[in-house]
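In: sequence and predicted structure below; questions after.
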Amino acid sequence: MFSVVFPGQGSQKIGMAKELFDKFEIVKNIFKEADNLLELPITKIIFEGPDDILNLTENTQPAIFLTSYAIFTVAKKEFGFNFDKANYIAGHSLGEYSALCCYGALKFEDTLKILKKRGKSMQDAIPAEEGSMLAVLGSDLKKIEDFLKINNHQCYIANDNSPQQVVLSGLKKNIDLFSKDLDKLKIKNIKLNVSAPFHCKLMKTATENMREKILNLNFKDIKIPIISNYTAKPSISNSEIKNLLVSQIEGRVRWMESVEFMINEGTKNFIEIGPGKVLSGLIRRINKNVNFKSINNVQDIKELDLYV
């Protein structure tokens, strides 16, 4: 049994999907359509950068989705891979939208446009340079939660990624103080290069701005359950999925719990579709007894049958 997962922000890099673009006309058409729909040279931004433009959240989110969608489309239409055999699908943050589109719940056009708006809303939710995010390595969720309570730090757990990685969001001044306290305890931590403190209550204005836009999306029924970031539980209900996507903006990404759920329900193999290998690395840290494959290029697609 296999499940399919889609990465989120942080997996982007200049040149992603370029090999597929050069080899397949269907990918060229997808990217051309994206340029037209967004009224933005997203193709040029993905292939040429520069980094500071690609890393703007309003560009990053549609760019990562576009890459995942292109990879999925080539694997399905050019190589005939049947992803409908998956027992679950999931995505990390914006990756949920990639999953929903690739599996037919959302139209390509709607997904691209909503992610552009979502990225802009999240980017603008707090003044630039006032927010920050911090990855804490080598310490589990319970320890971080206890440490936050004891020291009354005004920071929020944004991502519970693996037993050894928790990501926090907050105002920059509070994140800086928390980082210094972790340094004193010799707990490794890394400040992330992001434009806003995602997945915490500082995103309230983004939630308010996006609520009606998300709830008004035209959804088709989804046959394969998607594991929600917000609940770490499966859903196939259109109305429930929409509301969970709204809650997800401020809510914690429960990635470790989501992966554990899929494994407990029988998933033996994970296929990561999108740029990079971030999710595969997290899955390896969550459970070393499952198999995983990151799909980035033609050779990866050719090897898919070995993993399902």
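Out: Sure, I can see it.
In: pretty sure Ile157 sits in a strand.
Out: Yes: Ile157 forms part of a strand when assessed by DSSP: H, G, I helix; E, B strand; the rest coil.
In: need the pLDDT of it.
Out: With respect to pLDDT, Ile157 scores 97.
In: could you give the number of residues near it?
Out: Neighbourhood size, Ile157 [other C-beta atoms under 10 Å]: 20. Quick note: C-beta positions are derived from backbone N, CA and C, even for glycine.
In: check contacts around it.
Out: Ile157 makes contacts with Leu141, Ile144, Glu145, Leu148, Val166, Val167, Leu168, Arg252, as judged by C-beta atoms under 8 Å, 6 or more residues apart in numbering.
In: give the bridge partners for it, please.
Out: Bridge pairing for Ile157 (DSSP bridges) gives the partners Leu168.
In: give me the contacts around the strand or helix carrying Val5.
Out: Val5 belongs to strand 2-6 when assigned by DSSP states H and E. With contact meaning C-beta under 8 Å, 6+ apart, strand 2-6 is reached by 68, 83, 85-92, 95-96, 98-99, 102, 262, 267-274, 279, 283, 307-308.
In: filter the residues you listed down to just the ones in strands.
Out: In strands, judged by DSSP state E, the following of these are found: Tyr88, Ile89, Ala90, Gly91, Asn269, Phe270, Ile271, Glu272, Ile273.
In: mean confidence (pLDDT) on the strand holding Val5, please.
Out: Throughout strand 2-6, pLDDT has a mean value of 98.
In: please apply the same query to stretch 87-95.
Out: Stretch 87-95 carries an average pLDDT of 97.
In: now that stretch - C-alpha only, CSV.
Out: Listed next in CSV are the C-alpha coordinates belonging to stretch 87-95 (Å, rounded to 0.1, in the frame of the first residue of the first chain):
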residue,chain,number,x,y,z
ASN,A,87,-4.7,4.6,0.0
TYR,A,88,-4.2,8.2,1.2
ILE,A,89,-2.9,11.6,-0.1
ALA,A,90,-1.4,14.4,2.0
GLY,A,91,0.5,17.7,1.5
HIS,A,92,2.6,19.9,3.8
SER,A,93,0.8,23.3,4.1
LEU,A,94,0.3,24.5,0.5
GLY,A,95,1.0,20.9,-0.6
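In: for the protein, where's the lowest mean pLDDT among helices and strands?
Out: Least confident helix or strand of the chain, by mean pLDDT, DSSP states H and E, is helix 141-151 with a mean of 89.
In: which elements pack onto it?
Out: For helix 141-151, the packing partners by 3 or more C-beta pairs under 8 Å, 6 or more residues apart in numbering; DSSP states H and E come out as strand 155-162, strand 165-171, helix 172-184.
In: which one of those lies closest to Ala232?
Out: Ala232 lies closest to strand 155-162 among the helices and strands packed on helix 141-151, at 8.9 Å (C-beta to C-beta).
In: may I have the closest one as PDB, with CA atoms only?
Out: Taking Å, rounded to 0.1, in the frame of the first residue of the first chain, the C-alpha atoms of strand 155-162 are listed here in PDB:
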ATOM      1  CA  CYS A 155       6.100  31.900  20.300                       C
ATOM      2  CA  TYR A 156       3.900  29.400  18.600                       C
ATOM      3  CA  ILE A 157       4.500  25.900  17.300                       C
ATOM      4  CA  ALA A 158       3.900  26.000  13.600                       C
ATOM      5  CA  ASN A 159       5.000  22.600  12.300                       C
ATOM      6  CA  ASP A 160       5.400  19.300  14.200                       C
ATOM      7  CA  ASN A 161       7.600  17.800  11.400                       C
ATOM      8  CA  SER A 162       9.300  14.800  13.000                       C
END
